[in-house]
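Peer 1: The amino acid sequence is not available; the structure is as follows:
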């Protein structure tokens, strides 16, 4: 049997995911404008890297990836809300996201803030109402609390405020890592942990996977910084060089471009080593790890 | 034994609540500015009407109101986040809230948006981690899903967007009620329902209490509109007449001032009748109902 490629896997589960995302919003009894604004950003595409990590983690345990559908949708809603709010004029003030006008450019600031709020709120319901065959009550409660930790003040939101506060001054590597571990890493880690919890992983394997996810989270961000410096605008779908413009500290600025590439390779290498330690069928997780190390957008 | 007054009850449980709110934020491992912005609005005072409703509902069932502490804190966090976001320049653009500068006036728009996001996110964790002696797993999951419904696109956020969309044109009474039932009513209703669920209420009593809460929710809003027209600025802590200024439809505008007062009395009367039907010890809930009908701020 031929090995399933990430591309095949991604196509299959992205379609499932995108249908679930649209379905969850369409079935809401809510004002049309609000649903439209929510759907606009949910349907804007993207790599869906967090859902794919969750699906691939389930696959590693020999579970059907479909089991993670609602949890993946919840995570993607949280990710999407964070993009909508980050793009706002009072935050990063971005006009384009994935080559399309940002949410507030289309629906106005107020609706964009509310669409983000509504997506965040909806995500917790999806987790609380996971089907019984996917997760027992205790697992669902752990998933709710874990998403709150990963996305909240001690996680993603905390990373975002630290990022803003760090603009215009040179950060230390430690400060930069705090920002990225929280702003980007925590939700990536949660995606893997959620898969492991649904699969009923042992505490030890969960810890190994968590460290794996920590490394790919940092790798993801280092690659992001490198792309902002040397990437192709058309492929990325947003302006390159915006970090320098916004006086943001980046890995290449702190470590030089070669140093950043080296750090990227170290994290990718450690991530793969940890995968090997789990004894699971981690081929798809490894393919995602390679993608993170080499992605062009 | 002398009857406990709402004032005594309120003082006792407001203090407990306020300590819990501060504690939940202070224990977060998060950037200082973010915690400060969260605490600023949580500690801004207010009547704490939602927590009091929850505590009084537990009391009606003969449960210790303390059992509702974490759920009450979760609800107050959601209420507080909604005020922070509603006050933003792109929404109601309010400079004052309870006589103090609004969150974004003190911390800036970005931090205010993020403080709101973090409070909303934290609320779900409090519910998921309610102590086992307060709620079993199924009740906790129901509380999480219920808060998401009450606060999300089909509830509070939906009401807020409908409210904004309705500005500058004359609404029908039906449209106005849709807005208020969702923007204000749903979270008030949830406060009562959460208390009933923690107390282990029967489906029938829950339905009666839900209808009770529906009426006090509308009464609350009608009183709000009346106060905006004829209230005392110093007591309310914000400008009066702002509804007219913002061309907002109100009950007095639709029904005349006398008609609005009449509608207020009808809702208060129906609420009390429903309380009597429950056969519970509803004295404190009745005192809150009277407060809602007569409040001056």
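Peer 2: Perfect, thanks for sending it. Bear in mind the structure is a predicted one, so any value in this text is a computation, not a measurement.

Peer 1: contact partners of stretch A:272-291?
Peer 2: Identification of contacts with stretch A:272-291 by Cβ atoms under 8 Å, 6 or more residues apart in numbering or on different chains yields A:3-6, A:9, A:49, A:52-53, A:55-57, A:59-62, A:205, A:208-209, A:211-212, A:215-216, A:219, A:268, A:271. Any C-beta I mention is one placed from the backbone N, CA and C, and that applies to glycine too.

Peer 1: What mean pLDDT does it get?
Peer 2: Throughout stretch A:272-291, pLDDT has a mean value of 97.

Peer 1: and if you look at stretch A:200-212?
Peer 2: pLDDT averaged over stretch A:200-212 gives 97.

Peer 1: In contact with residue A:93, which residues?
Peer 2: residue A:87.

Peer 1: that's a helix at it, yeah?
Peer 2: No - assessed by DSSP: H, G, I helix; E, B strand; the rest coil, residue A:93 does not belong to a helix; its assignment is coil.

Peer 1: Looking at it now. What's its pLDDT?
Peer 2: We have a pLDDT of 94 for residue A:93.

Peer 1: on that earlier part again, please check the contacts of stretch A:272-291 and keep the buried ones.
Peer 2: Buried positions within these, assessed by neighbour count (16 or more other Cβ atoms under 10 Å in any protein chain shown), are A:6, A:9, A:49, A:52-53, A:55-57, A:59-61, A:205, A:208-209, A:211-212, A:215-216, A:219, A:268, A:271.

Peer 1: ok, which of those also contact chain B?
Peer 2: With respect to chain B, and counting by Cβ under 8 Å from any Cβ of the partner chain, no part of the buried ones among the contacts of stretch A:272-291 is in contact.

Peer 1: Now, the contacts of stretch A:272-291 that are in helices?
Peer 2: By the criterion of DSSP state H, membership of the contacts of stretch A:272-291 in helices covers A:6, A:9, A:49, A:52-53, A:55-57, A:59-60, A:205, A:208-209, A:211-212, A:215-216, A:219, A:268, A:271.

Peer 1: now residue A:88: how far from chain B?
Peer 2: 7 Å (Cβ to the nearest Cβ, to the nearest Å).

Peer 1: what number of residues lie near the closest residue to that residue other than its chain neighbours?
Peer 2: If you skip the residues right next to it in sequence, residue A:88 has residue A:104 as its closest partner in space, 5.8 Å away by Cβ to Cβ, 6 or more residues apart in numbering or on different chains. Residue crowding around residue A:104 was assessed by other Cβ atoms under 10 Å in any protein chain shown; the count is 24.

Peer 1: Would you double-check that residue A:104 falls in a helix?
Peer 2: Yes - the assignment for residue A:104, made by three-state DSSP, places it in a helix.

Peer 1: Go ahead and confirm it touches residue A:92.
Peer 2: No - with contact defined as Cβ atoms under 8 Å, residue A:104 does not reach residue A:92; the gap is 11.2 Å.

Peer 1: what touches both of those two?
Peer 2: Between them, residue A:104 and residue A:92 have no joint contacts when contacts are counted by Cβ under 8 Å, 6+ apart.

Peer 1: In the stretch 101-250 of chain A, where is pLDDT below threshold?
Peer 2: For the stretch 101-250 of chain A, the stretches with pLDDT under 70 are A:232-242, A:244-246.

Peer 1: Enumerate the residues of it near chain B.
Peer 2: Where the stretch 101-250 of chain A comes near chain B, counting by Cβ under 8 Å from any Cβ, the residues are A:108-111, A:113-114, A:116-118, A:120-122, A:124-125, A:127-129, A:137-138, A:140-142, A:144-145, A:147-149, A:151-154, A:157-158, A:160-162, A:164-165.

Peer 1: could you redo the last one with a cut-off of 7 Å?
Peer 2: Within the stretch 101-250 of chain A, the positions adjacent to chain B are A:109-111, A:113-114, A:117-118, A:120-122, A:124-125, A:128-129, A:137-138, A:140-141, A:144-145, A:148-149, A:151-154, A:157-158, A:160-162, A:164-165 by Cβ under 7 Å from any Cβ of the partner chain.

Peer 1: Check those for burial and list the buried ones.
Peer 2: With burial judged by 16+ other Cβ under 10 Å, the buried subset of these is A:109-111, A:113-114, A:117-118, A:120-122, A:124-125, A:128, A:137, A:140-141, A:144-145, A:148-149, A:151-154, A:157-158, A:160-162, A:164-165.

Peer 1: Any chance you could list what contacts stretch A:97-114?
Peer 2: For stretch A:97-114, contacts defined as Cβ atoms under 7 Å, 6 or more residues apart in numbering or on different chains pick out A:33-34, A:37, A:40-41, A:44-46, A:83-85, A:87-89, A:94-96, A:115, A:237-238, B:85, B:88, B:90-91, B:113, B:157, B:160-161, B:164.

Peer 1: Can you say which of these are buried?
Peer 2: Once neighbours are counted (16+ other Cβ under 10 Å), the buried part of those comes down to A:33-34, A:37, A:40-41, A:44, A:46, A:83-85, A:87-89, A:94, A:115, A:238, B:85, B:88, B:90-91, B:113, B:157, B:160-161, B:164.

Peer 1: so where do the strands sit in the stretch 51-200 of chain A?
Peer 2: A:96-97, A:100-101 (DSSP state E, counting those that start in this stretch).

Peer 1: Would you mind finding the most buried of the ones you listed?
Peer 2: Among these, judged by mean count of other Cβ atoms under 10 Å in any protein chain shown, the one packed with the most neighbours on average is strand A:96-97 (a mean of 17).

Peer 1: which non-adjacent residue is nearest residue A:39?
Peer 2: Across the structure, with Cβ to Cβ, 6+ apart as the measure, the residue nearest residue A:39 apart from its sequence neighbours is residue A:25 (5.4 Å).

Peer 1: What strand or helix carries that neighbour?
Peer 2: helix A:6-26 (DSSP states H and E).

Peer 1: following that helix, which helix or strand comes up?
Peer 2: helix A:32-42.

Peer 1: could you say what helices and strands that next one packs with?
Peer 2: Counting contacts by 3 or more Cβ pairs under 7 Å, 6 or more residues apart in numbering or on different chains; DSSP states H and E, helix A:32-42 is packed against helix A:6-26, helix A:69-86, helix A:103-107, helix A:109-128, helix B:156-166.

Peer 1: JSON lines for these, including distance to residue B:289?
Peer 2: Output for the helices and strands packed on helix A:32-42, formatted as JSON lines (distance: least, Cβ to Cβ, whole Å):
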{"stretch": "helix A:6-26", "distance to residue B:289": "36"}
{"stretch": "helix A:69-86", "distance to residue B:289": "36"}
{"stretch": "helix A:103-107", "distance to residue B:289": "39"}
{"stretch": "helix A:109-128", "distance to residue B:289": "28"}
{"stretch": "helix B:156-166", "distance to residue B:289": "21"}
